[in-house]
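S.K.: Got a predicted structure plus its sequence, pasted below:
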Amino acid sequence: MSAGGPNGRPEGDLVRSVGGAKVPGLYAVAMAACMTLLAVPTLWLYSPPSPAAEPCELVTVESLDLGSMEDARGPAGITWVAFGTDGRYYAVSQSLPAAGVLVYDEDGRYVGALGGAGQGPGEFEYPWRITATPGGEVLVHDLNSGVHVFGVDGAYRRTISGLPSPMHAAVAPNDSQLAIHNPRVRHQSAPAREVNVFSLETGDWLRGLGPTGELRAGTPHGVGLIGYSAAEDGLWLSLSEAGRLEKWSPAGTLLAEVEWARLAAQAGVEGIRPSALWEDPTGSELWVLVSVPLNDEAAAVEPSQALPADHFAPSGLARRFDSVIVLMDRGTGEVRAVRRWDDPIHGFLRDGRLVRMAESAEGWQWIQVIFLSLECPEPA
């Protein structure tokens, strides 16, 4: 029998020590340290060492392709995808001759376009982001004309003007507030903030979060909007310099915080800020998306030269970025699973599924929706 542990003791948990006889069924080792004092051998009883727990895995259980080569319009130049309460998928396309919003049914079939090109109500010049609200509306963020709001039936409802163009945007679960992240654009009625929150009905500015906003004392700049929590009406923010994720209530109360720097070290993505997050409304799991840069292709190009033709295409993005999904337990603060892709993931849909752009060798592009499942070994 091998001692195996420190000081010659076996590995495992100490149960108790007794003097005298052996106890069947227990891992026992006789120690004579007390013999010189008590002249009685002492039996140290250990439970068998527990085997190391096997890690959980994030497994692809299904994928859905949006679009086909026979469609009237292919999903090229996609900047954002949203999943509506009607079961349809909405994708903002920057492809020529006219940018717009492509609509796919629950089986991935192309069923038409939302709105149209132009400068009138419900028409787009430069659509950029799209957000589906829990109440069924679809918000199309146009860089020139504001936020165009469509109903679940595809009919135009209203336009919210004067809002800053978003790098990221999220709608509160109660459908009352729209949070927009753009640190370089200042809203006309708001002080400089990195995240501004507006009324979804009127467009009025409600409050700001950022360097001098309602964040925890001592928080420096470097704030990024992650999204509203699906579990409760809270706004998740990523604070890069603080190395922390924070969730805030509409009233400005800190609901939760996660030390992202420590978790990133566990997942092997130190120093990289999360780009999206999804919170499971049925439990305490947080799904965090991280884009890992592989190179700076643009910096290697001379100012007088053009970027590669596929620089913004899926093939070009895959050359420059990997994506990592980190699944953590908010209750325990531990990483449960990590999965890495060798191409970029766009983000999460409102039900936690992932969206990525795919591209064939011939250059045809399509959208892929990925269904993941957490699989853990059965306990011994």
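M.R.: Good, I have the coordinates.
S.K.: Quick one: neighbours of the closest residue to G136 other than its chain neighbours, just the number.
M.R.: Nearest residue to G136 in three dimensions, chain neighbours excluded: V152, at 3.9 Å (Cβ to Cβ, 6 or more residues apart in numbering). Every C-beta, even on glycine, is put in place using the N, C-alpha and C of the backbone. A count of neighbours around V152, defined by other Cβ atoms under 10 Å, yields 15.
S.K.: ok, V152 touching E137?
M.R.: Yes. In this structure, V152 is within contact of E137 by Cβ atoms under 8 Å, at 7.1 Å.
S.K.: Please enumerate the strands of the stretch 251-380 of the chain.
M.R.: When assigned using DSSP state E, counting those that start in this stretch, the strands of the stretch 251-380 of the chain occupy the ranges 254-258, 276-279, 285-293, 321-329, 334-341, 345-348, 354-359, 365-375.
S.K.: For these, give me a markdown table that also has mean neighbour count and mean pLDDT.
M.R.: Formatted as a markdown table, those follow (neighbours: other Cβ atoms under 10 Å; pLDDT from 0 to 100):
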| stretch | mean neighbour count | mean pLDDT |
| --- | --- | --- |
| strand 254-258 | 16 | 80 |
| strand 276-279 | 24 | 84 |
| strand 285-293 | 20 | 86 |
| strand 321-329 | 20 | 89 |
| strand 334-341 | 17 | 90 |
| strand 345-348 | 22 | 85 |
| strand 354-359 | 21 | 86 |
| strand 365-375 | 17 | 89 |
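S.K.: got the contact list for the helix or strand hosting H141?
M.R.: Counting by DSSP states H and E, the element that carries H141 is strand 138-142. The set of residues external to strand 138-142 that reach it, using Cβ atoms under 8 Å, 6 or more residues apart in numbering, is 82, 84, 90, 92, 101, 114-115, 124-133, 147-152, 163, 165-166, 169, 171, 178.
S.K.: Cross those against strands and list the overlap.
M.R.: Among the contacts of strand 138-142, the members found in strands (DSSP state E) are 82, 90, 92, 101, 114, 124, 127-132, 147-150, 169, 171, 178.
S.K.: end-to-end on stretch 351-367?
M.R.: 17 Å (Cα to Cα, to the nearest Å).
S.K.: Now do it: everything it contacts.
M.R.: Outside stretch 351-367, the residues that touch it by Cβ under 8 Å, 6+ apart are 65-69, 74-76, 78, 81, 83, 89, 91, 104, 278, 280, 287, 289, 310, 313-315, 317, 323, 325, 341, 343-349, 368-372.
S.K.: same thing but 6 Å
M.R.: Residues from elsewhere that reach stretch 351-367 (Cβ atoms under 6 Å, 6 or more residues apart in numbering): 65-67, 69, 75-76, 78, 81, 91, 278, 314-315, 345-347, 368-371.
S.K.: What ranges in the stretch 201-350 of the chain fall below the confidence cut-off?
M.R.: Within the stretch 201-350 of the chain, the ranges that satisfy pLDDT under 70 run 209-233, 240-242, 250-252, 298-299.
S.K.: How many neighbouring residues does the closest residue in space to R350 that isn't next to it in sequence have?
M.R.: Using Cβ to Cβ, 6+ apart and skipping the chain neighbours, the partner closest in space to R350 is F83 (5.6 Å). Neighbour count for F83, taken as other Cβ under 10 Å: 19.
S.K.: is it true that L143 touches Y126?
M.R.: Yes. Contact criterion Cβ atoms under 6 Å: L143 and Y126 qualify, at 4.0 Å.
S.K.: now the helices: where do they sit in the chain?
M.R.: Applying DSSP state H to the chain gives helices spanning 35-38, 260-267, 314-320.
S.K.: Just send those back as TSV, with distance to L245 and mean neighbour count too.
M.R.: Below are the helices of the chain laid out as TSV (distance: least, Cβ to Cβ, whole Å; neighbours: other Cβ atoms under 10 Å):
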stretch	distance to L245	mean neighbour count
helix 35-38	55	9
helix 260-267	5	18
helix 314-320	25	19
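S.K.: Looking at those, which is nearest to S249?
M.R.: Evaluated with Cβ to Cβ, the helices of the chain place helix 260-267 nearest to S249, the distance being 19.8 Å.
S.K.: Using CSV, write out the CA atom coordinates for that closest one.
M.R.: Extracted in CSV, the C-alpha atoms of helix 260-267 (Å, rounded to 0.1, in the frame of the first residue of the first chain):
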residue,chain,number,x,y,z
TRP,A,260,-14.4,38.9,-14.5
ALA,A,261,-10.6,39.1,-14.3
ARG,A,262,-10.4,36.0,-12.1
LEU,A,263,-12.8,34.0,-14.3
ALA,A,264,-11.0,35.1,-17.4
ALA,A,265,-7.7,33.8,-16.0
GLN,A,266,-9.5,30.4,-15.4
ALA,A,267,-10.8,30.4,-19.0
